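Trainee: Next come a sequence and a model predicted from it.
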Amino acid sequence: QVQLVEFGGGLVQAGGSLGLSCVASGSNFSPNGVGWYRQAPGKQRELVAEITSSGSTNYADSVKGRFTISRDYAKSTMYLQMNSLKPEDTAVYYCKASLRVVVNVIIGAYRDYEVWGQGTLVTVSS
């Protein structure tokens, strides 16, 4: 079972930068897609950025031009570089991987599932 662990959260001043990483346990990490989400106090979890199975990237409008998602599957790691941080970026950030496991190789049956990290807190002070 793949597990994800985030690193890199912390306190930063507005206008500063912070990089998050998310490391997957186990070998042969080949997700269909990966993404970063965040949840601010009193708000719902929202998508921040994702890399789809085709390799394309999508960003929330609020972070476009400031955040960059990337991944290195050889290192079983995904990244989120956050620049020009704002107080409204304060949240717990979660990484997610969409995975597929073959349940019957003869008939080609498979099961898609998602794995989430435990979250890392990012606090941006004004």
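Mentor: Yep, that arrived.
Trainee: which neighbours does the lengthiest strand in the chain have in its sheet, and in what orientation?
Mentor: Assignment by DSSP state E gives strand 91-104 as the longest strand of the chain. Sheet pairing for strand 91-104, assigned by DSSP bridges, gives strand 33-39 (antiparallel), strand 109-116 (antiparallel), strand 120-125 (antiparallel).
Trainee: any idea how far the first one is from the chain center?
Mentor: Centroid separation between strand 33-39 and its chain, computed with CA atoms, centre = their mean, to the nearest Å, is 4 Å.
Trainee: Which parts of this protein are helices?
Mentor: Assigned by DSSP state H, the chain shows no helices.
Trainee: residue boundaries of the strands in it?
Mentor: Using DSSP E, strands in the chain cover 4-7, 10-13, 18-24, 33-39, 46-51, 57-59, 67-72, 77-82, 91-104, 109-116, 120-125.
Trainee: circling back: what is the mean pLDDT for the longest strand of the chain?
Mentor: Average pLDDT, strand 91-104: 93.
Trainee: what's in contact with that strand?
Mentor: Contacts with strand 91-104, where a contact means CB atoms under 8 Å, 6 or more residues apart in numbering, come from 2, 4, 6, 9, 20, 22, 24, 29, 31-41, 43, 45, 48, 53, 78, 80, 108-122. All C-beta spots, glycine's among them, are computed from the backbone N, C-alpha and C.
Trainee: looking at the strands paired with strand 91-104, which is buried most?
Mentor: strand 33-39 (a mean of 22; mean count of other CB atoms under 10 Å).
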